[in-house]
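K.L.:
build me a model:
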Amino acid sequence: MPTFDLSADDRFILEIDAQRIEFIAREHPNAPGIAHAIEGGKATVYRVTDTATQKDYALKVMKQQHRDPALTDICQRLRALSTVRGLAACDRVCLTDASSGPTVRRYPDLRYAILMQWITGRTWFDTIRSRGQLRMPDALRLGLRLASVLDELEGRKLSHCDIAGGNVIFDPTTFEIELIDVEDVYGPGFERPRAVPLGTQGYQHRKSAGGQWSADADRFAGAVMLAEMLGWYDHRVRDNAWGETYFEPDELQDENSWRYPILRRALEAFSLSLGILLERAWRSIELAECPSLAEWQRHLETAAPPDVDRRSVAKPRWVPLGPVPPPPPPPGTTFLPLPIESIANTSAGGWTGPIEHDAMHGSPPFWKALPVAAASADPPSSPAQPDPTDRRT
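P.N.:
This next block holds a predicted model:
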């Protein structure tokens, strides 16, 4: 049977619930002739376009060892969360023998593949890596947006469970935030995943090694990322960032960290209370001891000047500075490279595609509205070649 490998501009048909939908593989923006295929540990994610509507989608083709029948129930469960702010990526469909029989018989590689909306924006990972400058009011707006999303999740007793730079996408104009890689979301009554999330290096709590899948799983990682965002206006924070995260992984919760006081001072320029919240998270023994996301939201709103609040829509002034090497660390500092798992889920320009979160609220599943393909297409022929700069599970 043919394998499902795509080259740029390959056309193919997906049958979903008796509909025949034609897609075309998008070309990678930095590699002419190569499909926009983002290689990750569990799957390859293709950027594909519906030929009738010209809307972009993400087709997540699971690697053989990760083609799990449980993905069917997971997708159904996540779909119910797609109206929650920040969880547009939950609007998805899993290709199975029942829903897409002709497709999975023709291409067995697509069994338990996931079709979902492609999210446009810039990852926080890319922002740190590029050392792009962010004005102080815009850093506060961005922090408010993230706190609002995480507060809403926590208020619903939900957790993403892997808040990391590559999993947080934001619109640099509106600051709206979307979370991706949502398969392991925690919620009341959800089935515990076979592989419990451990978090991502640079955002892991001291207890994360035993797994973090609980209602308070996002508290520590959320605190670290909020601090990064809020402090990013300060050149001392940007210049001293370790690499793809502000803190070196082994430096987290270390009372001797030389980066910690730099970041805390940047937060206290907004409000002393923000420094106290970071301190509580930094010294916590258990995740539950970290400040709630509601506390961050409340103190951020208090710190915000009149023209900055959760409803504001403003355009930040980005000043790309290019890579800036950090100054030499104190003697004895050891730099450890992040493993591929910790920097997955990103691409050279961020994992991008149109944000249509508001438009889909209250609508039927997005694939129900896709037009039926007028004619069949030739099967994809050329093997996909993953771009080394694109890393996403």
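K.L.:
same for whatever helix or strand residue 99 lives in, what does it pack against?
P.N.:
Residue 99 belongs to helix 97-106 when assigned by DSSP states H and E. With contacts taken as 3 or more Cβ pairs under 8 Å, 6 or more residues apart in numbering; DSSP states H and E, helix 97-106 sits against strand 11-16. C-beta here means a position set from N, CA and C on the backbone, and glycine is covered the same way.
K.L.:
and the strand it packs on with helix 97-106, angle?
P.N.:
150 degrees (axes from the mean of the first three to the mean of the last three Cα atoms, to 10 degrees).
K.L.:
parallel or antiparallel, list what pairs with the helix or strand following strand 11-16.
P.N.:
The C-terminal neighbour of strand 11-16 among helices and strands, as given by DSSP H and E, is strand 19-25. Partners of strand 19-25 in the sheet, by DSSP bridges, are strand 11-16 (antiparallel), strand 43-50 (antiparallel).
K.L.:
which elements pack onto whichever helix or strand comes after strand 19-25?
P.N.:
Using DSSP H and E, the next helix or strand after strand 19-25 towards the C-terminus is strand 27-28. Helices and strands touching strand 27-28, by 3+ Cβ pairs under 8 Å, 6+ apart, are strand 31-35.
K.L.:
for stretch 250-266, buried residues please.
P.N.:
For stretch 250-266, the neighbour count (16 or more other Cβ atoms under 10 Å) marks 251, 252, 253, 257, 259, 260, 262, 263, 264, 266 as buried.
K.L.:
measure it end to end?
P.N.:
22 Å (Cα to Cα, to the nearest Å).
K.L.:
coming back round to it: tabulate the strands paired with strand 19-25 (a markdown table), appending mean pLDDT, distance to residue 293 and mean neighbour count.
P.N.:
Output for the strands paired with strand 19-25, formatted as a markdown table (pLDDT from 0 to 100; distance: least, Cβ to Cβ, whole Å; neighbours: other Cβ atoms under 10 Å):
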| stretch | mean pLDDT | distance to residue 293 | mean neighbour count |
| --- | --- | --- | --- |
| strand 11-16 | 94 | 36 | 20 |
| strand 43-50 | 94 | 28 | 23 |
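K.L.:
now, the most widely separated pair of the buried residues of stretch 250-266?
P.N.:
253 and 266 (18.6 Å; Cβ to Cβ).
K.L.:
and the helices in this structure?
P.N.:
70-79, 97-106, 124-130, 136-155, 219-231, 235-240, 260-268, 272-283, 293-303, 357-360 (DSSP state H).
K.L.:
JSON lines for these, including mean pLDDT?
P.N.:
Output for the helices of the chain, formatted as JSON lines (pLDDT from 0 to 100):
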{"stretch": "helix 70-79", "mean pLDDT": "91"}
{"stretch": "helix 97-106", "mean pLDDT": "94"}
{"stretch": "helix 124-130", "mean pLDDT": "94"}
{"stretch": "helix 136-155", "mean pLDDT": "95"}
{"stretch": "helix 219-231", "mean pLDDT": "98"}
{"stretch": "helix 235-240", "mean pLDDT": "96"}
{"stretch": "helix 260-268", "mean pLDDT": "97"}
{"stretch": "helix 272-283", "mean pLDDT": "97"}
{"stretch": "helix 293-303", "mean pLDDT": "94"}
{"stretch": "helix 357-360", "mean pLDDT": "30"}
